[in-house]
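sequence and predicted structure, then a few things I'm wondering about:
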Amino acid sequence: MKDKLEKIKEEALDALKDLNNLENLEDFRLKYLGKKGELTKILRGMKDVSPDERPEIGQLANKIRGSLEKQLIEKKDVLQDKALEYKLSQEWVDVTMPGRRPARGSLHPLTIVRNEIIDIFMGMGFDVADGPEVELDYYNFEALNIPKNHPSRDVQDTFYINDNILLRTHTSPVQIRTMEQEKPPIKVIIPGRVYRSDEVDATHSPIFHQIEGLVIDKDVTMADLKGVLDTFAKKMFGEDTRTKLRPHHFPFTEPSAEVDVSCAICHGEGCSVCSHTGWIEILGGGMVHPKVLQNGGIDPEEYSGFAFGMGLDRITNIKYGIDDIRLLFENDIRFLKQF
Ligand code: DAH
């Protein structure tokens, strides 16, 4: 029995020496010290040992057990230290290495140009206003002096939600909303999204963007309109830009004009962007119709004003030489990254 115990001890110490990771350590514990382990088996067999041998064998077995347990704990410490050291060596970070740059987005070309236009008008003392995209027929048409039989009221052109509610077809309804809320002098620009039931092609999109302007004060004249727009065009397209007003008709202005600027690409020589005319139409405008002033609660005898509306998508395309409006809405990152 004694020999058996010594043999187990030798074997266990050899096995312990060879142990090199924490999982094997547990196997070792089960094999020698566990409930079904070799030492336990011996202690269980004590009843077969003769009574005078029993104390000595018992003591020896317990001694071996104690010593193995102690060595096991020491081994465990060593192995845990080693494991930690290994882990730290693997997770080591070189803080002097250059970092990985997070991918950064950029402003949409429409946003860039809108901000630029807002900046120019703010420089001339304009405030920025806005209004709802889901609009009442009253503000979009009626109050702007657009008669019931006007073609723009046709469902072919306008997205109706019901008889009275629609998606605004221009930013002009915000003129009336602004007049209702503010007393003259009024000097605002109104950037926003507008909707028309157009077929999509290179120059048409059912959603597009306008920037409206409205100035109301005493003694405002057409010359003020021309001056403001000329200043705007020079800041936007270059100091040598010229402006031209052509007579036109809008229900909400009288007189009305369409405004052309000299082509920024060919400087008036004629090129494909300006269809070889040297001029590019950028907006419509005019003197606010007396009926429209009245609808906004402003006395046309006391005040006068001018208004204008420009297409932001078109101006963006002219500015960047983009030849298809759809590119502005597809949001292909390869396109957007270029601005
Ligand atoms: N609302 C017009 C449109 O969508 C543009 C416009 C023309 C706005 C003349 C105005 C204006 O304020 O005076 O085509």
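Looks like it arrived, so ask away.

for the rest of this, base every contact and every neighbour count on C-alpha atoms.
Noted.

give me the element the most centrally placed residue in the chain is part of.
Geometric centre of the chain, nearest residue: residue 105, 7.9 Å, by C-alpha atoms, centre = their mean. Using DSSP states H and E, residue 105 sits in no helix or strand.

which residues touch it?
Counting by C-alpha atoms under 8 Å, 6 or more residues apart in numbering, residue 105 touches residue 337.

need the helix or strand of this structure with the lowest average pLDDT.
Of all helical and strand segments in the chain, the minimum by mean pLDDT, DSSP states H and E falls on helix 38-44, at a mean of 79.

what's around residue 249, how many residues?
14 (other C-alpha atoms under 10 Å).

assumed it was part of a strand.
Yes - when DSSP: H, G, I helix; E, B strand; the rest coil is applied, residue 249 is found to be in a strand.

please tell me how far it sits from residue 190.
Going from residue 249 to residue 190 by C-alpha to C-alpha, to the nearest Å gives 21 Å.

and the helices in this protein?
2-18, 22-32, 38-44, 54-90, 109-123, 137-140, 173-181, 222-237, 290-295, 312-320, 327-330, 333-336 (DSSP state H).

can you redo those as TSV with distance to residue 276?
Listed next are the helices of the chain as TSV, based on distance: least, C-alpha to C-alpha, whole Å:
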stretch	distance to residue 276
helix 2-18	91
helix 22-32	84
helix 38-44	102
helix 54-90	68
helix 109-123	25
helix 137-140	35
helix 173-181	35
helix 222-237	18
helix 290-295	37
helix 312-320	14
helix 327-330	24
helix 333-336	27
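
residues in contact with the closest residue to residue 134 other than its chain neighbours?
Of all residues not flanking residue 134 in the chain, residue 167 sits nearest, at 4.7 Å (C-alpha to C-alpha, 6 or more residues apart in numbering). Counting by C-alpha under 8 Å, 6+ apart, residue 167 touches 133-135, 158-161, 194-196.

out of the residues you listed, list just those in strands.
Under the assignment DSSP state E, the contacts of residue 167 contribute 134-135, 194-195 to strands.

closest one of the contacts of residue 167 to the ligand?
residue 194 (8.7 Å; C-alpha to the nearest ligand atom).

quick one: the residue nearest to the centre of the chain from residue 334, how far?
With distances taken as C-alpha to C-alpha, residue 105 is found 11 Å from residue 334.

which two from the contacts of residue 167 end up farthest apart in space?
161 and 194 (14.5 Å; C-alpha to C-alpha).

which one's more surrounded, those two?
More crowded of residue 161 and residue 194, by other C-alpha under 10 Å: residue 194, with 20 against 12.

partners of the more buried one in the sheet?
Note on residue 194: beta-bridge partners residue 208, judged by DSSP bridges.

so it touches residue 209, yeah?
Yes - counting by C-alpha atoms under 8 Å, residue 209 is a contact partner of residue 194 at 5.7 Å.

could you find the closest non-adjacent residue to residue 176?
residue 296 is the one closest to residue 176 (C-alpha to C-alpha, 6+ apart), at 5.1 Å.
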